[in-house]
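Visitor: Quick one: sequence and predicted model below, then my questions.
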Amino acid sequence: MDAAEYANIAALEGEHWYYSGKRQFVREWILRARPPARTDLLLDCGAGTGRFAEEMSAFCRVLVLDDHEEALRLLRTRFRPEQILSLAGDRVPLPDGSLEYVTALDVLEHVPEDAAVVRGFHRLLKPGGLAVVTVPASMALWSDWDVALHHHRRYDRRQLRALFPATDWETVHVNYTNVLAYPAVWLVRRWRARRRARPPAGGAVRTEDRLPPRWLNSLLRATFVGSARCRLPFPFGVSLVLVARRRS
């Protein structure tokens, strides 16, 4: 992502319903699927500002990984040097089977070879270790926002699940999230497309970069987190979450 996008996220993520809600339900799924011990080790891939990993440090040991200089600059303000990793070529510089948890929150859509990244997760996790990923859903929602964030794709449930084959992974949970927001998001992005919107420059601000009024922010967060907790399979949503356990 561009430096400006990191600045946007850093300014919003504390309170904004999307960022704070995503951190909440991913943490809840980890605690539900495999409650961490203090000695367990979690790697947050594409850690960005490091907010999620910092919160998870209350439950286990954490490492953060990113390869963007702007992200690394932000991570250095929150973590010790030995906690911060950069890719060695295309490989995470950790031994096989060294982790209990890998998280990748809105990361896979940024990489050309997403299947190779997931194979890397499998290498890094111990048998029984947990991978939790979130991704944007539905190419019908593709917009200037995806372009600005350098996305390669948005996913459907089948595509995301195919990255975690049953021979290697036990799928604990996979479902669409942010379901109730889908119609509004679709309408806003179609409207921008009709106006031939481009990634904003100067003083322009996208809808995604604004903090809604407090009442609306709370409502959107509650519905977002609620859909991410639900085991009832939804037919669509703005995002997807997958929780998978590495087989022996």
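Guide: Noted; the coordinates are in hand.
Visitor: Just want the phi and psi numbers for the residue most central in space within the chain.
Guide: With distances taken as CA atoms, centre = their mean, the residue of the chain nearest its centroid is L105 (1.5 Å). When read as degrees, to the nearest 10, the backbone of L105 gives phi -100, psi 110.
Visitor: beta partners for it?
Guide: T134 (DSSP bridges).
Visitor: residue boundaries of the strands in the protein?
Guide: Ranges of strands within the chain are 41-45, 61-65, 84-85, 99-105, 125-136, 169-177, 239-246, based on DSSP state E.
Visitor: so can I have JSON lines of the ones you listed showing mean pLDDT and distance to R27?
Guide: (Glycine included, C-beta is placed from N, CA and C.) Conversion of these to JSON lines gives the following (pLDDT from 0 to 100; distance: least, CB to CB, whole Å):
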{"stretch": "strand 41-45", "mean pLDDT": "98", "distance to R27": "11"}
{"stretch": "strand 61-65", "mean pLDDT": "98", "distance to R27": "12"}
{"stretch": "strand 84-85", "mean pLDDT": "98", "distance to R27": "21"}
{"stretch": "strand 99-105", "mean pLDDT": "98", "distance to R27": "10"}
{"stretch": "strand 125-136", "mean pLDDT": "98", "distance to R27": "9"}
{"stretch": "strand 169-177", "mean pLDDT": "98", "distance to R27": "14"}
{"stretch": "strand 239-246", "mean pLDDT": "98", "distance to R27": "12"}
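Visitor: Please identify which of the ones you listed is closest to V225.
Guide: Using CB to CB as the criterion, the shortest distance between V225 and these is 8.5 Å, found for strand 169-177.
Visitor: count of neighbours near H150?
Guide: Residues near H150, counting by other CB atoms under 10 Å, number 12.
Visitor: I'd say A148 and E5 touch.
Guide: Yes: assessed by CB atoms under 8 Å, A148 is found in contact with E5 at 6.5 Å.
Visitor: any low-confidence regions in the protein?
Guide: Per-residue confidence of the chain (counting by pLDDT under 70) places the weak regions at 1-3, 196-208.
Visitor: which residue lies farthest from the center of it?
Guide: Summary for the chain: using CA atoms, centre = their mean, the residue whose C-alpha lies farthest from the chain's mean C-alpha position is R195, with a distance of 29.2 Å.
Visitor: What's the separation between that one and P35?
Guide: The gap separating R195 from P35 is 48 Å, by CB to CB, to the nearest Å.
Visitor: try Y182
Guide: If you measure Y182 against P35 using CB to CB, the figure is 32 Å.
Visitor: more neighbours, these two?
Guide: When Y182 and P35 are compared on other CB under 10 Å, the one with more neighbours turns out to be Y182, at 21 against 10.
Visitor: Could you dump the strands of the chain into a markdown table with distance to R157 added?
Guide: Formatted as a markdown table, the entries for the strands of the chain read as follows, by distance: least, CB to CB, whole Å:
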| stretch | distance to R157 |
| --- | --- |
| strand 41-45 | 21 |
| strand 61-65 | 26 |
| strand 84-85 | 30 |
| strand 99-105 | 17 |
| strand 125-136 | 10 |
| strand 169-177 | 6 |
| strand 239-246 | 6 |
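Visitor: right, and the ones you listed - which one's nearest T77?
Guide: Set against T77 and scored by CB to CB, the strands of the chain come closest in strand 84-85, at 10.7 Å.
Visitor: Tell me which other helices or strands the closest one touches.
Guide: The helices and strands touching strand 84-85, judged by 3 or more CB pairs under 8 Å, 6 or more residues apart in numbering; DSSP states H and E, are strand 61-65.
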